[in-house]
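> Sequence plus predicted model, see below.
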Amino acid sequence: MKNRTESTENLGICSREACRKHFTPDTLLLEYDKPIHFVQSQFECGRNYYIVWRVSWAIYHVACVIGTGILMKNNDGGTDARWFIYLTNWSYTMLTLDTLLQFIAIIYVNKRREDIIYDACSQMPWFLKAIWCIYNVSNCSALVVTLLYWSLLQDVSFGNIVVHLLNGVYVVVNMPLTAIPVRIYHFYQLMIFGTAYVMFSYVYETAGGIGYNDEKYIYPQMAWKYPEIAITYSVLGVFVAIPVCHAFFFLMYWTRVTVYERNLQRTVAVIDSETAAAIKRSDKSITTTRTESC
């Protein structure tokens with residue numbers, strides 16, 4: 001049991017060594033020596049239960065993204081392609097892609113990559129790197145969309161609750177359950193996503209594009225005919241809201257792993273004490289037997 005105890009003592013995410021590892025330049029990359037964490041729950045609730053969790057949300061989000069796209073009609077009653085111009089739908093598409101790819105990855109790894117399942121692989125395969133990036137972007141963008149929508153627009157309807165509230169609730173609830181890590185320096189991925197949308201909105205509006213109700217902008221806060229206001233909201237969104245939300249998820253990850261490791265240490269301590277007691281009873285029994293034989 002000595003080796004097992006030592007391994008848990010070295011896990012502490014709050015240790016000085018762990019803190020240094022989280023803030024090294026290497027964490028900018030998509031390298032990780034435990035690929036198994038991308039296909040299991042943090043608290044090891046059971047492989048089948050986790051698969052059910054993943055497939056349920058994949059089905060739900062796919063249905064929602066298809067439903068919102070179909071329900072958005074143009075003046076002729078057909079499906080409106082302007083569905084694709086909104087940040088909400090960019091974010092929800094990423095969220096749907098994330099849940100779908102995670103489900104596919106779990107099935108694939110369980111069927112074809114036993115080295116990952118049995119924790120015998122320390123190299124991140126390319127498809128898990130892609131999922132990690134999408135996971136980072138979808139988490140933060142969902143929370144940013146939820147916060148911005150209910151602080152700026154606040155139009156209450158069933159559809160808006162689905163794509164502007166439940167998306168944020170999902171990513172917050174999912175974070176404590178999954179074992180996927182969060183790297184503090186990965187906020188650059190989200191800033192690239194945010195910057196891409198800002199550039200798209202500028203090009204779309206200046207090219208004569210119109211919003212769903214034929215407005216000459218996508219969002220009133222980002223109407224580029226008022227560049228000072230549009231730039232202000234864009235800078236606040238990309239350089240303030242995104243890093244803050246990513247820091248929030250990093251703290252959730254930090255807390256999740258800390259709770260897991262402390263529970264693991266308690267479990268190992270209990271097992272050690274029970275093992276020591278069993279050995280003592282065994283030694284006592286052997287001593288008694290020898291005494292009686294003499």
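Alright, I've got the coordinates.
> Where does the prediction get shaky in the stretch 51-200 of the chain?
Scanning the stretch 51-200 of the chain for pLDDT under 70 picks out 73-79.
> try 90
Residues of the stretch 51-200 of the chain that meet the criterion pLDDT under 90 lie in 67-81, 152-160.
> Tell me where it has helices.
For the stretch 51-200 of the chain, the helices defined by DSSP state H, counting those that start in this stretch cover 87-112, 114-117, 126-152, 158-161, 167-174, 187-206.
> contact partners of the last one?
Identification of contacts with helix 187-206 by Cβ atoms under 8 Å, 6 or more residues apart in numbering yields 28, 85, 87, 90, 94, 133, 136-137, 140-141, 144, 216-219, 222-225, 230, 234, 237-239, 242-243, 245-247. For every residue, glycine as well, the C-beta is placed using N, CA and C.
> Give me the buried positions along that helix.
187, 189-191, 193-194, 197-198, 200-202, 204-205 (16 or more other Cβ atoms under 10 Å).
> can you tell me which of the helices of the stretch 51-200 of the chain comes nearest to Thr255?
Each of those has some distance to Thr255 by Cβ to Cβ; the shortest is helix 167-174, at 12.3 Å.
> and that closest one, how far from the chain's centre?
Centroid separation between helix 167-174 and its chain, computed with Cα atoms, centre = their mean, to the nearest Å, is 9 Å.
> For that helix, buried residues please.
Asn167, Gly168, Tyr170, Val171, Val172, Asn174.
> how near is the second one to Met222?
With distances defined as Cβ to Cβ, to the nearest Å, the gap from Gly168 to Met222 amounts to 20 Å.
> And for Val145?
On the measure of Cβ to Cβ, Val145 and Met222 end up 13 Å apart.
> Now do Leu165: how many residues are near it, please.
15 (other Cβ atoms under 10 Å).
> my guess is it contacts Thr146, does it?
Yes - with contact defined as Cβ atoms under 8 Å, Leu165 counts as touching Thr146 (6.0 Å).
> List the contacts of Gly237.
Per Cβ under 8 Å, 6+ apart, neighbours of Gly237: Val144, Leu148, Gly194, Val198.
> The first one: neighbouring residues, count only.
Val144 has 23 neighbours, counted by other Cβ under 10 Å.
> Now for it: which residues touch it?
Counting by Cβ under 8 Å, 6+ apart, Val144 has contacts Ser91, Gly194, Gly237, Ala241, Ile242, Cys245.
> And Phe187, how far from Thr27?
Counting by Cβ to Cβ, the gap from Phe187 to Thr27 is 11 Å.
> again with Met199
From Met199 to Thr27 the distance is 27 Å (Cβ to Cβ).
> how far away is Val156 from Tyr149?
11 Å.
> Over to Ser141?
In terms of Cβ to Cβ, Ser141 sits 12 Å off from Tyr149.
> Could you do Cys45 as well?
Distance from Cys45 to Tyr149, by Cβ to Cβ: 32 Å.
> before we move on, back to that, more neighbours: Val156 and Tyr149, which one.
The residue with more neighbours, out of Val156 and Tyr149, is Tyr149; 19 against 10, by other Cβ under 10 Å.
> which residues touch that one?
Thr88, Asn160, His164.
> Please repeat the previous calculation with a cut-off of 10 Å.
Leu87, Thr88, Asp155, Asn160, Val163, His164, Leu165, Asn167, Gly168 (Cβ atoms under 10 Å, 6 or more residues apart in numbering).
> Nearest to His61, out of these: which one, please.
Asn167 (8.3 Å).
> Surely that closest one touches Cys64?
Yes - counting by Cβ atoms under 10 Å, Asn167 does reach Cys64; the two are 8.5 Å apart.
> and for the two, which residues touch both?
Tyr92, Leu95, Thr96.
> Considering the residues you listed, which possesses the most neighbours?
Neighbour-wise, the shared contacts of Asn167 and Cys64 (other Cβ under 10 Å) top out at Leu95, 27 neighbours.
> Quick check: closest non-adjacent residue to that one.
Ser138 (4.3 Å; Cβ to Cβ, 6 or more residues apart in numbering).
> Correct me if wrong: the one you found contacts Gly168.
No - the criterion here is Cβ under 10 Å, and Ser138 misses it with Gly168 at 11.2 Å.
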